[in-house]
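Engineer: compute the structure for the input listed below.
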Amino acid sequence: MPLRAPLPLDVRDYSDYRKFLRELYAAKKAANKNFSYRYLSQKAGINSSGFFKQIFEGKRNLTAETIGKACAALGFKETEAEYFHNLVLFNQAKTMKEKNLHFEKLIEQQKRRNVRRIPEDRYDYFSEWYHCVVRELAVIDGLGSDPARLAALVRPPITTKQAAHSLQLLERLGFLKRDRGNLAQSDPLVSTGYDIKSHLVRKFQVEMLGKAIAMYDRPSPEEPRLMSCNVFALSSSDYERFVEALRNLRTQLMGLANGQGAKADVVYALNLNFFPCSGKPGETDV
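Structural biologist: Numbers count the residues shown, from 1 in each chain. From the prediction side, this is the model:
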């Protein structure tokens, strides 16, 4: 039952290391009924026959030491081991800062792959907060052909080089298209499991929240803005009703924005956040 033989699955196709291990185990077990958790633990030099079963089920985490042992037992090549190591740390990270660190390393490895790369539109659009702003500005008053003017209008301003790169990226990814020599939006609106792909969206959302916070330090009464906060006490059953109402509001607002195109003159950001700020009476503190 050598694990040094070519693996039936490629870890770099996965964004959840536990899912990879479970599916790899299933594939090995299907090929050889004698393959077992005990054998896998022995190959890794771990004195616990149920170790990997607990990992698969999310009952325990891999450590820096056991990551290396798992890589050795699975017979990973250097690039596979590097990806697996960062994937484990990404999945197990507790903070956005930690996740971002290992996320960037995973994306860099994906970019270096010769086959089955993650489609660039899954992460490049959200790789910088201002791409979505550039997409909206590009169709206003011919700004798509004037990166310097466009860059100066972004809040906070970006460089002309950043604006030009953003325009090229948006056109390459199909978010913008040429229409009689001018840039137009391919679709009037863009809308967006917790894995590699959705992590970048979360990273983008955190950055946009940072922009909202910064607005409080900009005393510009002439700039229209709406900043508010409400706190509600709800039953668990009413939570879903609130979520549905917020989704309907978002859909309604997107409908109002649809078709603005070149008629628009300012780009706005709307952040909706609805989260618990208390526990339930009787719950044990974690």
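Engineer: can you name the residues bridging to the residue lying closest to G142 once chain neighbours are set aside?
Structural biologist: Counting by Cβ to Cβ, 6 or more residues apart in numbering, G142 lies nearest to N182, which is 7.0 Å off, once chain neighbours are set aside. For every residue, glycine as well, the C-beta is placed using N, CA and C. Going by DSSP bridges, N182 is paired in beta bridges with D179.
Engineer: tell me the pLDDT of N182.
Structural biologist: N182 is assigned a predicted lDDT (pLDDT) of 80.
Engineer: didn't it look like it was pressed against G144?
Structural biologist: Yes. Taking contacts as Cβ atoms under 8 Å, N182 lies within contact range of G144: 6.6 Å.
Engineer: so these two - more neighbours on which side?
Structural biologist: G144 (23 against 13; other Cβ atoms under 10 Å).
Engineer: could you find the closest non-adjacent residue to the more buried one?
Structural biologist: L183 (3.3 Å).
Engineer: now do the same contact list for N86.
Structural biologist: Contact analysis of N86 by Cβ atoms under 8 Å, 6 or more residues apart in numbering lists H102, K105, L106, Q109.
Engineer: could those residues go into JSON lines alongside distance to F52?
Structural biologist: Converted to JSON lines, these look like this (distance: Cβ to Cβ, whole Å):
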{"residue": "H102", "distance to F52": "22"}
{"residue": "K105", "distance to F52": "24"}
{"residue": "L106", "distance to F52": "22"}
{"residue": "Q109", "distance to F52": "24"}
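Engineer: may I ask which of those has the most neighbours?
Structural biologist: Ranking the contacts of N86 using other Cβ under 10 Å puts L106 first, with 21 neighbours.
Engineer: shaky segments in the stretch 1-150 of the chain?
Structural biologist: 1-7, 111-123 (pLDDT under 70).
Engineer: and with 90 instead?
Structural biologist: For the stretch 1-150 of the chain, the stretches flagged by pLDDT under 90 are 1-16, 28-35, 40, 49-50, 64, 73-79, 90, 93-130, 132-133, 135-144.
Engineer: where do the helices sit along it?
Structural biologist: For the stretch 1-150 of the chain, applying DSSP state H, counting those that start in this stretch gives helices covering 17-31, 37-44, 51-56, 64-74, 78-92, 96-112, 131-137, 147-153.
Engineer: repeat for the stretch 151-286 of the chain
Structural biologist: Using DSSP H, counting those that start in this stretch, helices in the stretch 151-286 of the chain cover 160-172, 196-215, 236-257.
Engineer: list the buried residues for the first one?
Structural biologist: Yep, that's helix 160-172 we're talking about. Q162, A163, H165, S166, L167, L169, L170, E171 (16 or more other Cβ atoms under 10 Å).
Engineer: list the contacts of the residue lying closest to V134 once chain neighbours are set aside.
Structural biologist: The spatial neighbour of V134 that comes closest, neighbours along the chain excluded (Cβ to Cβ, 6+ apart), is S166 at 4.2 Å. By Cβ under 8 Å, 6+ apart, the residues touching S166 are E128, Y130, H131, V134, I158.
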